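A.B. asks: The following block contains a protein sequence and its predicted model.
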Amino acid sequence: MGRRATEIRKGNVLDIDDDLWQVVKYHHHTPGNLRAIITMKCKSLSTGGWKHIRASSSDSFEVAFLETRKCQYLYKDEGSGAFVFMDQKTYDQYELQPDVVGEDMPYVVENYECNLTFHGEKAISLDLPGSVVLTVIESEPAAKGNTVSNLFKRAVAETGLEIKVPLHIDVGEKVKISTETGEFQGRSNT
């Protein structure tokens, strides 16, 4: 379905030259009484590359139809390096390549239920929540009385993700981590 450039919004996925591009930044600028200029910064969902698009208000783009499915992360295929996920309803397995989801995988533990985005029958991206709960497997020992909240130490989560945690956090504790910034958000009771 074709949409005019003025109807495109941040987050839309465009089908350009048989590749899917997600609009990361969108700016509509009308300088005085001149024609409108629309600039978009897009990220390729297949390669992870970037593209800047400059369009006029009369240009149209093909918006891709995407579907989200609940899937479970199974394992990393050591041969191909791909991450394998399983659809919770059909039990079909899908692979996502490291260049597409590599920076998101340190937030995902095995058997974790997450959402995958599909274009047709092809999995194209992993949708993470705003935060995840991970278990600390390595850190300096917590000393009694270390409850100052603005001092941090290095710790390693169960996925291998290196994080900064307050001094009172010890090995075996579950912590809430932001998937956008990688920062410690607090202890978790789950």
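C.D. replies: Right, received. Where do you want to start?
A.B. asks: can you map out the helices along this protein?
C.D. replies: 98-101 (DSSP state H).
A.B. asks: Correct me if wrong: Thr135 contacts Ala157.
C.D. replies: Yes: at 6.7 Å, Thr135 counts as touching Ala157 under the criterion of CB atoms under 8 Å. Quick note: C-beta positions are derived from backbone N, CA and C, even for glycine.
A.B. asks: the bottom helix or strand of the protein by mean pLDDT?
C.D. replies: helix 98-101 (a mean of 80; mean pLDDT, DSSP states H and E).
A.B. asks: which residues sit against that one?
C.D. replies: Contacts to helix 98-101, defined as CB atoms under 8 Å, 6 or more residues apart in numbering, come from residues Leu45, Ser46, Thr47, Gly48, Gly81, Ala82, Phe83, Met105, Ile124, Ser125, Leu126.
A.B. asks: what's the answer for stretch 56-68, then?
C.D. replies: Under the contact criterion CB under 8 Å, 6+ apart, stretch 56-68 has outside partners 1-6, 8, 12-16, 20, 35-38, 55, 115-119, 124, 127.
A.B. asks: circling back to that earlier point, can you give the distance of the least confident helix or strand of the chain from its chain's centre?
C.D. replies: 10 Å (CA atoms, centre = their mean, to the nearest Å).
A.B. asks: Perfect, that will be all.
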